[in-house]
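J.: Sequence and predicted model, in that order:
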Amino acid sequence: MRIALASDHAGYSYKRLIAAHLAASGHEVVHFGTFSTEPVDYPDFVHPAAAAVARSDCERGVVLGGSGNGEAMAANRHRGVRCALCWSEEAARLGRLHNDANMISLGERMISADLALRIVDVWLTTPFEGGRHVRRIRALDEGWAEPPSGALGVPVDEQGLS
């Protein structure tokens with residue numbers, strides 16, 4: 001599998017570790033940077049990686065930072081990218097199973113290196129479940145539509161919940 005890999009300075013150490021792990025597992029790794037621990041802005045590296053996944057130049061992508069939050073937000077700006085912020089193996093499993101996550105974001109300051117590698121492996125080997133989740137994935141990829149009547153903006157007390 002061809003996998004895009006990008007990080008900022010705070011995710012650089014795990015990026016190197018994950019790159020070696022993926023290559024040893026037979027995957028083709030496409031590096032989008034950064035290439036040192038020198039401070040950088042994560043969007044400069046995450047956007048090109050996410051664009052490669054969105055264009056299908058890469059089948060999947062892994063982005064890393066200190067927390068992984070900003071990297072996931074940047075990746076998810078690209079139509080067709082579904083980047084799951086993963087902090088556990090279960091988050092990775094459900095990201096694939098229910099959300100067909102084609103990218104994951106990891107926070108080097110949040111999880112151990114061993115856990116990061118386990119998360120990557122679970123994410124790579126878990127299939128998308130399909131079924132009821134397909135329409136939700138389609139809605140994510142196509143963008144937001146008008147909600148059903150009454151779905152938004154109803155005061156809590158009018159629902160009898162207060």
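T.: Everything's here; your move.

J.: surely Asp141 meets Gly80?
T.: Yes - under the criterion of C-beta atoms under 8 Å, Asp141 makes contact with Gly80 at 5.6 Å. For the C-beta atoms, the positions are set from N, CA and C on the backbone; glycine is no exception.

J.: low-confidence ranges in this protein?
T.: Where the chain drops to pLDDT under 70, the residues are 144-162.

J.: could you pull out the strands for it?
T.: 2-7, 28-31, 60-65, 83-85, 103-107 (DSSP state E).

J.: between those, which one is nearest to Ala113?
T.: strand 103-107 (10.2 Å; C-beta to C-beta).

J.: How far does the closest one sit from its chain's centre?
T.: 5 Å (C-alpha atoms, centre = their mean, to the nearest Å).

J.: can you list contacts of it?
T.: 4, 11, 14, 18, 49-50, 53, 60-69, 71-72, 75, 81-87, 92, 95, 116, 119-120, 123 (C-beta atoms under 8 Å, 6 or more residues apart in numbering).

J.: Could you pick out the buried ones from these?
T.: Buried subset of the contacts of strand 103-107 (neighbour count, 16 or more other C-beta atoms under 10 Å): 4, 11, 14, 18, 49-50, 53, 60-68, 71-72, 75, 81-87, 92, 95, 116, 119-120, 123.

J.: What residues sit buried inside stretch 19-36?
T.: So stretch 19-36, judged by 16+ other C-beta under 10 Å, has buried residues Ala19, His21, Leu22, His27, Val29, Val30, Phe32, Gly33, Thr34.

J.: Repeat that for stretch 3-13.
T.: Ile3, Ala4, Leu5, Ala6, Ser7, Asp8, His9, Ala10, Gly11, Tyr12.
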